[in-house]
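Asker: here is the input, now give the coordinates:
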Amino acid sequence: MDFIIIDDDEVNNMLCQLIIKHATGGANVEAFIYPKEGLNYIKNAYSQSPERKETILFLDVNMPEMDGWEFLEQFDKLNEDIKSQLRVIILSSSVNEEDKRRAAENRYVVNYLVKPLRKETIQSILSSL
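Answerer: Below you'll find the predicted structure:
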């Protein structure tokens, strides 16, 4: 299982990487503070791979330049082969009910978590797959 983090908070990304690696015994984790860079990485890495990569994408909602909802609009335009390899989990500090509603209605979002990410959360996610 691979992981991608897209969040404009570098400190949160570093903490998430450490937590994921500790919880999984060293899974591959890519982190991006710019959503457009993350989207480009996904386009390139997941379209050129001869094998399927099962990946969890942790996505923040509140980011400048491109927020999580705009990211999901762009994600929707990707090839189905790419999208089918990723499970999107919103990881946000937002407890806004509107954000939770939008996440629940989005066909790509499988869960909505409030920061901070915890080792137990990663283990729970992995055991539910």
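
Asker: so which strand or helix has the residue sitting furthest away from the middle of the chain?
Answerer: Residue farthest from the centre of the chain, counting by C-alpha atoms, centre = their mean, is residue 50 at 21.8 Å. Using DSSP states H and E, residue 50 is not contained in any helix or strand.

Asker: how many residues are close by the nearest residue to residue 119 once chain neighbours are set aside?
Answerer: Of all residues not flanking residue 119 in the chain, residue 23 sits nearest, at 4.4 Å (C-beta to C-beta, 6 or more residues apart in numbering). Placement of C-beta: from N, CA and C, glycine included. Residue 23 is flanked by 19 other residues according to other C-beta atoms under 10 Å.

Asker: ok so residue 23 is a strand residue?
Answerer: No - secondary structure of residue 23 (DSSP: H, G, I helix; E, B strand; the rest coil): helix, not part of a strand.

Asker: got the contact list for it?
Answerer: 119, 122-123, 126 (C-beta atoms under 8 Å, 6 or more residues apart in numbering).

Asker: any idea how far it is from residue 41?
Answerer: Using C-beta to C-beta, to the nearest Å, we find residue 23 at a distance of 22 Å from residue 41.

Asker: mean confidence score for stretch 20-32?
Answerer: Taken as a whole, stretch 20-32 carries a mean pLDDT of 96.

Asker: endpoints of it, how far apart?
Answerer: Across its full length, stretch 20-32 reaches 15 Å between end residues, using C-alpha to C-alpha, to the nearest Å.

Asker: now do the strands in the protein.
Answerer: Assignment of strands within the chain using DSSP state E yields the ranges 2-6, 29-32, 55-59, 86-92, 109-114.
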